[in-house]
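1. my questions concern the predicted model and sequence given below.
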Amino acid sequence: MTEEKTINVSESGFVPKHELLSYEQAQELLKKLNISLKQLPKIKKTDAAIKELNAKRGSIIKITRNSQTAGVYYYYRVVV
Amino acid sequence: MAKVNSIKFGILSPQMIKKMAAVKIEKAELYDPDGYPINGGLCDLRLGVVDPGLRCRVCGATAGNCLGHFGYLELTKPVIHPIFGKQIFQLLKVTCRKCGRMLATEDEIKDMKNPWKEIYKKPKKKCPHCDAEQKKITFQKPTTYREDKEELTAEQVRERLERIANEDLKLLGIKGGRPEWLVLTLLPIPPVTVRPSITLETGERSEDDLTHKLVDIIRINERLKKNIELGAPDFIINDIWELLQYHVSTLMNNEISTLPPARHRSGRALKTLAQRLTKKEGRFRGNLSGKRVNFSARTVISPDPAISIDEIGIPLIIAKNLTIPVRVNKNNLKQLKQRVLNGSETYPGANYVIRPDNVKKKITEENKEQIAEEIAIGYTVERHLQDGDIVIFNRQPSLHRMSMMAHRVRVMNYKTFRLNLCTTIPYNADFDGDEMNVHVPQTEEAQIEARMLMSVQNHIRSPRYGLPVIACKHDHITGSYMLTKKETRISKKDAAALLLRIGMEDHAGKEYTGKELFSLLLPKGLNIEFRAASCMGCKKCLKSACPYDSYVVIKNGVLKHGVIDENALGEKKGKLLNRIERQFGADTVKEFLNKASLLALEFITKQGFTVSVTDVKIKSSVEKRIEKMLEEAEKDVGKLVSDYKRGRLKKLPGMGARESLEALLQKKAGDVTNRVGKVLKESLSETSAVIMAKTGARGSFVNLSQTCALVGQEFVGGERIFRGFTGRTLSHFKPGDLGLKSHGFVFHGYKRGLDPYEFFFDAMNSRENLMDKSLQTRHSGYMERRLINALQDLRVEEDMTVRDSRGTIVQFTAGEDGIDPAKSDGGAINFDLLES
């Protein structure tokens, strides 16, 4: 068996910042957008970018991206 | 009409085929010698009615109301359904050849995620249920199965499928049908309404492709029956059976890759069931996603600079054919009565009248007086199109929303649609024979909606780049430049004439400068400063003191300095247009654009503007300078090449010696061309061609220097030219020559003429460009289609999120920044303007 190589992609500099929202923050977001969890874009639990976060299914990931036109742009994905 | 509650897709059972059939079809003949449909033939009267006036024998409805009834044909021997060939093969492979059970024990199946797939991938050699030895089954598209090289007949296949137990089907995920139904024993015959015959003018009957195909099937079916009854040898029967299989296969789909398509007598491939649905003209794309419409017209377009950008010239003939329904009320009764009295021939008239009980009457020369007498409040009159009506104008390909805009009608003589030249940009139209379409919104709601959302003036700024797309072009720009040039003076008489032409009055009654005259069009309160397109890009900008008069200053609606050219009025630039729209609104720019473009055209028409070869004549001193520069470049290149050959060339980072040489030579070639261009730009006097290039009206300095100095390096596939003979491009050169001349550098301009080999290189390059262009357009057209299909029902909600039709969020802020480019300044927000 070969030893599994793990690379922390968040250190590459090309992957935007991924962070886990707390339960309260998540509820607030859903209320603000007036949506259910199902209506959020998805991210796989096994996605390399959130491996370190140990996120559970159904929690929300906040992604902070750099935008050419808007400076910073926040994106939210639900873990599936 | 019955309401459709649900649609279920599945496979017909033989019992169902029999149950839904009204006739058993037995005869291949269609009509008897008297031309009467044969009972039990493919045109049996019980299959439905197509001729008007007759009633259906089965349901009693008239033609049009009776949808037709199916028949059925008993196939002498079963036939594989060609569309399910693969599914049948999979079923055969996962089940035992003897007992029909699945090739896995129940315990094994319990552990499987997808039993079908897993058993199929690793078929067992032995049946776990009955211990029968399994043989290897192979499948040859579309309908042949072999077991250890021995062909399985459709009958055998059917027997095996029959043996599969219902419980096993559940495990395989097969619902609502038995697998043996995939082998046809009865063939449903579609009703005649599905395959109507056409009566030609000569009285001859021409049958539909499907009928032809069905006739073939019945013939073969009968022949097979007869041969079996006669006890013919097996090989003959098998041959006919195979033929029957072929005919049934092509009935379902005539484009199965391994089968030759069934052909009509004329040699044309038959259009059978699958062909009716697929492709662009098929039922889905041709009849359901896209439809033909009424109240539309199409004709050739031609220009009219004198009409407003939001107007359209409609030919009288078309205006008399397109109508708008108007409800009669007490205010318009008299007027509409007159319309009816005019009839459908005299303009402005009316073509139809609709009574309050919804009966439509055509207005003819004979009954127009009577109808005019009859109409009262509550009637609807379909009157001719008239000036001021709203219509939607369109040119294909409709690539963006500006390809369909609402215009105001102006009825005109002659037979072409007339449009203002500024609107040719969003439509991408020219007048070399282009045709365009007009659609007339019929209801008041539709008319108002078109007027508010689709009007031309509301689309002046493009949602793509946030700057004008409806703007000045070519002569408009040249004209504006000539008018606003420093030295332009317009006599009192000429000024009056020009102003009259654009619908303004000359209040001052004096000799104008060009700038003064242009200022009359600008709204009061306009303050803007920007660089014109003719700006030379000096190191230190002197602003309003610009020696070339290229710095535009407008103060309170008066043009103080600078010339008006592409940067002020052109597409994707249009700083002036952009600002007027922002500050004064859509209707003000519309007026400004109408007047400015017409004024420029009138002025340039009066003054005259000619291009000739002498425009690009260069002084012999300059010519010598250029020659010297080229000689120098050739010398430099010679040195580089000899360095390379002696291995002394300094390699560039990340490149080999050969690559470095190429890069250096390409750079050298580009540099000389640029330097020559610069010299030329400085030395050319202000001639017509030069004016067009520097104002951005048409052409560029590259075009000019290619004409009068040199064309420069020609590229094929992004490289200098290397193809041709071994070691050289053409037999004019020595093998191994790496110099400029032998690899596509053209030392001459188009005016002097190219040497034969130069011409050849130029042609190579032109050819590649031409091919690229035509391939590119096809490619991007398809990409566009895919993109539209993917994005069509996304929309921006009130909270600025982008969601699809299910409410799923795609973007949390539209376009990341929430800016609508169509309401921005070149994609950004100009905060200076927001304050005021």
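-> Sure, I can see it. Numbers count the residues shown, from 1 in each chain, chains lettered A, B, ... in the order given.
2. pull the contacting residues for the residue in chain A positioned nearest to chain B.
-> Sorted by distance to chain B under Cβ to the nearest Cβ, the residues of chain A start with A:Ala70, at 3.6 Å. Every C-beta, even on glycine, is put in place using the N, C-alpha and C of the backbone. Going by Cβ atoms under 8 Å, 6 or more residues apart in numbering or on different chains, A:Ala70 touches B:813, B:816-818.
3. how about residue 49, secondary structure?
-> No chain specified, so I'll use chain A. helix (DSSP: H, G, I helix; E, B strand; the rest coil).
4. tell me the pLDDT of it.
-> Note on A:Ala49: pLDDT of 87.
5. just the pLDDT at the closest residue to chain A within chain B, thanks.
-> Among the residues of chain B, B:Asp817 lies closest to chain A, at 3.6 Å counting by Cβ to the nearest Cβ. On the pLDDT scale, B:Asp817 is placed at 89.
6. re the thing from before, show me the two of the contacts of A:Ala70 that sit farthest apart.
-> Across the contacts of A:Ala70, the longest distance by Cβ to Cβ is 7.8 Å; it joins B:Glu816 and B:Gly818.
7. which of these two has more neighbours?
-> A count of neighbours by other Cβ atoms under 10 Å in any protein chain shown puts B:Glu816 above the other of B:Glu816 and B:Gly818, at 18 against 14.
8. low-confidence stretches in chain A?
-> Counting by pLDDT under 70, the ranges of chain A that qualify are A:1-5.
9. and the nearest residue to B:Met404 once chain neighbours are set aside, backbone torsions?
-> In space, and not counting its chain neighbours, B:Met404 is closest to B:Asn394: 4.5 Å by Cβ to Cβ, 6 or more residues apart in numbering or on different chains. For B:Asn394, the backbone dihedrals (degrees, to the nearest 10) come out as phi -150, psi 140.
10. hmm, B:Met436 and B:Asn394 touching each other?
-> Yes - at 6.4 Å, B:Asn394 counts as touching B:Met436 under the criterion of Cβ atoms under 8 Å.
11. overlap in contacts, the two.
-> Shared contacts of B:Asn394 and B:Met436, counting by Cβ under 8 Å, 6+ apart, come down to B:Tyr427.
12. those two: who's more crowded?
-> Shown here are B:Asn394 and B:Met436; by other Cβ under 10 Å, B:Met436 has more neighbours (20 against 16).
13. hang on, that one in a strand?
-> Yes - counting by three-state DSSP, B:Met436 falls inside a strand.
14. so what's it up against?
-> B:Met436 neighbours (Cβ under 8 Å, 6+ apart): B:298-299, B:301, B:393-395, B:417, B:419, B:427, B:429.
15. cool, B:Ala104 as well?
-> B:Ala104 neighbours (Cβ under 8 Å, 6+ apart): B:112, B:115, B:119, B:124, B:128.
16. near chain A too, which of those?
-> Near chain A, judged by Cβ under 8 Å from any Cβ of the partner chain, there are no entries from these.
17. can you pick the most crowded of those residues?
-> B:Ile119 (22 neighbours).
18. how far away is that one from B:Gly100?
-> 14 Å (Cβ to Cβ, to the nearest Å).
19. B:Asn294 now?
-> 58 Å.
20. what pLDDT does the residue nearest to B:Met404 get?
-> For B:Asn394, the pLDDT comes out at 97.
21. return the residues in contact with it.
-> Counting by Cβ under 8 Å, 6+ apart, B:Asn394 has contacts B:403-404, B:427, B:436-439.
22. ok now the helix or strand containing B:Glu373, how far from the chain's centre?
-> Assessed by DSSP states H and E, B:Glu373 sits inside helix B:368-374. On the basis of Cα atoms, centre = their mean, to the nearest Å, helix B:368-374 is displaced by 47 Å from the centre of the chain it belongs to.
23. how about the contacts of B:Asn394, which pair is most distant?
-> Farthest apart among the contacts of B:Asn394 - using Cβ to Cβ - are B:Tyr427 and B:His439, which lie 14.4 Å from each other.
24. those two: which is more packed in?
-> B:Tyr427 (22 against 19).
25. quick one: contacts for the more buried one?
-> B:393-395, B:402-403, B:419, B:436.
26. and which of those residues is nearest B:Leu91?
-> B:Ser403 (50.8 Å).
27. what sits against the closest one?
-> B:394-397, B:426-428.
28. nearest to B:Lys213 among those?
-> B:Gln396 (35.5 Å).
29. can you tell me the SS state at that closest one?
-> Criterion first, three-state DSSP; result for B:Gln396: coil.
30. hang on, the earlier thing: which strands or helices does the helix holding B:Glu373 pack on?
-> helix B:333-342 (3 or more Cβ pairs under 8 Å, 6 or more residues apart in numbering or on different chains; DSSP states H and E).
31. next structured bit after the helix it packs on?
-> strand B:350-354.
32. may I have that following strand exported as PDB, CA atoms only?
-> Taking C-alpha atoms only, strand B:350-354 is exported to PDB below (Å, rounded to 0.1, in the frame of the first residue of the first chain):
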ATOM      1  CA  ALA B 350     -59.700  47.500 -42.600                       C
ATOM      2  CA  ASN B 351     -59.600  43.800 -43.500                       C
ATOM      3  CA  TYR B 352     -61.900  42.100 -41.000                       C
ATOM      4  CA  VAL B 353     -64.700  42.900 -38.600                       C
ATOM      5  CA  ILE B 354     -65.500  40.700 -35.600                       C
END
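33. which outside residues touch that strand?
-> Contacts of strand B:350-354 (Cβ under 8 Å, 6+ apart): B:320-321, B:323, B:325, B:336, B:339-340, B:342-344, B:360-363, B:371, B:374-375, B:379-384.
34. now with 6 Å?
-> Contacting residues not belonging to strand B:350-354 are listed as B:323, B:339-340, B:344, B:360-363, B:371, B:380-383 [Cβ atoms under 6 Å, 6 or more residues apart in numbering or on different chains].
35. residues contacting the residue of chain B closest to chain A?
-> Shown in contact with B:Asp817 (Cβ under 6 Å, 6+ apart): A:69-70.
36. and if you look at B:Asp643?
-> Contacts of B:Asp643 (Cβ under 6 Å, 6+ apart): B:Leu649.
37. which phi and psi values does residue 66 adopt?
-> Picking chain A for this. The phi/psi pair for A:Asn66 (degrees, to the nearest 10) is phi -90, psi 130.
38. please refer instead to chain B.
-> The phi/psi pair for B:Cys66 (degrees, to the nearest 10) is phi -90, psi 120.
39. so what's it closest to, chain neighbours aside?
-> Using Cβ to Cβ, 6+ apart, the nearest residue to B:Cys66 is B:Cys56, at 4.0 Å.
40. count the neighbours of the one you found for me.
-> By the criterion of other Cβ under 10 Å, B:Cys56 has 22 neighbours.
41. also the one 10 residues further on?
-> By other Cβ under 10 Å, 20 other residues sit near B:Cys66.
42. ok, it touching B:Val58?
-> No - using Cβ atoms under 6 Å, B:Cys66 is not in contact with B:Val58; the gap is 7.8 Å.
43. can you tell me which of the contacts of B:Met436 are buried?
-> B:299, B:301, B:393-395, B:417, B:419, B:427, B:429 (16 or more other Cβ atoms under 10 Å in any protein chain shown).
44. quick one: which of these sit in helices?
-> Using DSSP state H, B:Tyr427 are the members of the buried ones among the contacts of B:Met436 that sit in helices.
45. and the buried ones among the contacts of B:Met436, which is closest to B:Ser480?
-> B:Leu419 (20.5 Å).
46. can you pull the contacts of B:Val438?
-> Applying Cβ under 6 Å, 6+ apart, the residues near B:Val438 are B:297, B:391, B:393.
47. make it 8 Å
-> If you count contacts by Cβ under 8 Å, 6+ apart, then B:Val438 has B:296-298, B:312, B:314, B:318, B:322, B:391-394, B:417 around it.
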